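In: Okay, predicted coordinates and the sequence, questions at the end:
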Amino acid sequence: SSSAPPPKRLRTASAANGSVQPKSTPTSTPSSSSGMQGGVAALHSCIVKLIVQSVTPNYREPWRRNTQDSWSGTGFVVQGRRLVTNAHVVLRSSHVRARKSSSPIMFSCTVEWISIPLDLALLSVNNEDAFFEDSGPGGVIAKEDEATAEAGAEAETTASSTAAAKESAPASESANQHLTLCPTLPRLDDNVTCVGFPEGGSQISVTRGVVSRVDVGSNGVLRIQIDAAINPGNSGGPVFNESGGVVGVAMSHLKSASNIGYIIPVSVLSHFLDMCTHGVEASPIER
C-alpha cells in the first residue's frame, strides 16, 4: 500500500463567529529534559475522563430498544481544542461527556471522526470555551463520580485560585492547552508512563513500565507493547516518555497474560489526524 501523506493542518471551528481556523498538528518534542518527576501533575488538566452511554441495536426486534449501557474511558487534549480517544470507547455512543481530573463538572462531547481499523476517535467539546477556561454554565455535576462530587467545595476553591492565576497569564496559554506529541518511535526498554482513569477509583491513575516490543498487529497496523498496567478505563489515555511527550495512546491489554499492554504509536495518531483533516475517515453518521 502507498504511504500516507505527512500530517497537514487540522481545522477547528471557532466558537465566536463560526469561522474555520487552521491549527497545525504538533510534531515537536518538549525542549525541557527535566523528566516526568512532577511533570505529570502539570499535564493532568489535559487528560479527561469520558463517561459514555450507549444503546445497542436490537436486531431480533428492531422496534424495541435494549437497555442503556454506560462505561468510562480516557481521552486527552490535542492541538485544535479536540479530544483523542479510542474508537471502541465511543463506538455506538448515544451520549459522551468529559470531565477533567481537577473538576467535577461534566461537559457534553460530539464524536466528529472515528476510525475502527486504527481504533482512534476525535471528539469536540460542545461548550469548549467554558471547558478550556475551567468554568462555565455549560457543564453539569457528574453523578457517576459521587466521591468527586462530595469534594466539589474543595474543587471550587482550587478552581478559583487557578482562575486568579490564569488572569495574570497570557490569554493564548489557556486557549492552547494541549499535550505535545512526540514524533519519534520509542525504542525497546524505554521508560513510559501510562495515565488514565481505570476502574477501581474516580481519580486519575499513573502506572509506569518499559517498552517491551514494537511490532504490527493482526490488522496490519503498527503497535507498541508495554509492561505498564493497562486496565479497563485506561483506553484512550496518553502514554508519556521521560520528557513528558506523548508517545502513544493506551489501547488494550492481553487478558490471558500478565503485564502485556498495547498502545497506538503517535505516528499512527498523526496519520489519523491528517486523514480527519482531509475527510478520508468516515464520520459516525456515515458509519
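Out: That came through, no problem.

In: And residue 269, its phi and psi?
Out: Taking degrees, to the nearest 10, you get phi -60, psi -40 for the backbone angles of residue 269.

In: typo on my end, residue 243
Out: Backbone dihedrals for residue 243, given as degrees, to the nearest 10, come out at phi -90, psi 0.

In: Compute the number of surrounding residues for it.
Out: Other residues within reach of residue 243 by the criterion other C-beta atoms under 10 Å amount to 17. Using the backbone N, CA and C atoms, a C-beta is placed for each residue, glycine as well.

In: what about it, distance to residue 186?
Out: The span separating residue 243 from residue 186 equals 11 Å under the rule C-beta to C-beta, to the nearest Å.

In: Then residue 272?
Out: 18 Å.

In: which one of those two has more residues nearby?
Out: Counting neighbours by other C-beta under 10 Å for residue 272 and for residue 186 shows that residue 272 has the greater number, 27 against 23.

In: tell me what the helix or strand in which the more buried one is found is packed against?
Out: Following DSSP states H and E, the helix or strand that holds residue 272 is helix 266-277. In this structure, helix 266-277 makes packing contacts with strand 9-13, strand 105-115, strand 120-125, strand 246-253, judged by 3 or more C-beta pairs under 8 Å, 6 or more residues apart in numbering; DSSP states H and E.

In: Now render these as a markdown table, adding mean neighbour count.
Out: What follows is the helices and strands packed on helix 266-277, written out as a markdown table (neighbours: other C-beta atoms under 10 Å):
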| stretch | mean neighbour count |
| --- | --- |
| strand 9-13 | 15 |
| strand 105-115 | 21 |
| strand 120-125 | 25 |
| strand 246-253 | 25 |
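
In: if you average pLDDT over each of those, which comes out lowest?
Out: The weakest mean pLDDT among the helices and strands packed on helix 266-277 belongs to strand 9-13, with a mean of 41.

In: picking up where we left off before, with distance to residue 230 as extra columns, can I get the helices and strands packed on helix 266-277 in a markdown table?
Out: Compiled in a markdown table, the helices and strands packed on helix 266-277 are given as follows (distance: least, C-beta to C-beta, whole Å):
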| stretch | distance to residue 230 |
| --- | --- |
| strand 9-13 | 27 |
| strand 105-115 | 20 |
| strand 120-125 | 16 |
| strand 246-253 | 4 |
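
In: Can you get me a residue count around residue 64?
Out: If you count neighbours by other C-beta under 10 Å, residue 64 ends up with 7.

In: Need the pLDDT of it.
Out: With respect to pLDDT, residue 64 has a value of 85.

In: for it, what are its contacts?
Out: residue 58 (C-beta atoms under 8 Å, 6 or more residues apart in numbering).

In: Could the C-alpha coordinates of the helix holding residue 272 be exported in PDB?
Out: Extracted in PDB, the C-alpha atoms of helix 266-277 (Å, rounded to 0.1, in the frame of the first residue of the first chain):
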ATOM      1  CA  VAL A 266       2.000   8.700  17.700                       C
ATOM      2  CA  SER A 267       2.900   8.100  14.000                       C
ATOM      3  CA  VAL A 268      -0.500   6.300  13.600                       C
ATOM      4  CA  LEU A 269      -2.300   9.100  15.500                       C
ATOM      5  CA  SER A 270      -0.700  11.800  13.300                       C
ATOM      6  CA  HIS A 271      -1.900  10.000  10.200                       C
ATOM      7  CA  PHE A 272      -5.400   9.700  11.700                       C
ATOM      8  CA  LEU A 273      -5.500  13.500  12.400                       C
ATOM      9  CA  ASP A 274      -4.300  14.100   8.900                       C
ATOM     10  CA  MET A 275      -7.000  11.900   7.400                       C
ATOM     11  CA  CYS A 276      -9.600  13.700   9.500                       C
ATOM     12  CA  THR A 277      -8.400  17.000   8.100                       C
END
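
In: Can you tell me how far the residue lying closest to residue 69 once chain neighbours are set aside is from residue 88?
Out: Counting by C-beta to C-beta, 6 or more residues apart in numbering, the nearest residue to residue 69 once its immediate chain neighbours are dropped is residue 54, at 5.3 Å. Computed as C-beta to C-beta, the residue 54 to residue 88 distance reads 11 Å.

In: How about residue 195?
Out: The value you get for residue 195 to residue 88, if C-beta to C-beta is used, is 19 Å.

In: of the two, who's got more company?
Out: Comparing residue 195 with residue 88 by other C-beta under 10 Å, the one with more neighbours is residue 195, at 27 against 17.

In: hang on, isn't that one packed against residue 206?
Out: Yes - taking C-beta atoms under 8 Å as the definition, residue 195 is a contact partner of residue 206 at 5.4 Å.
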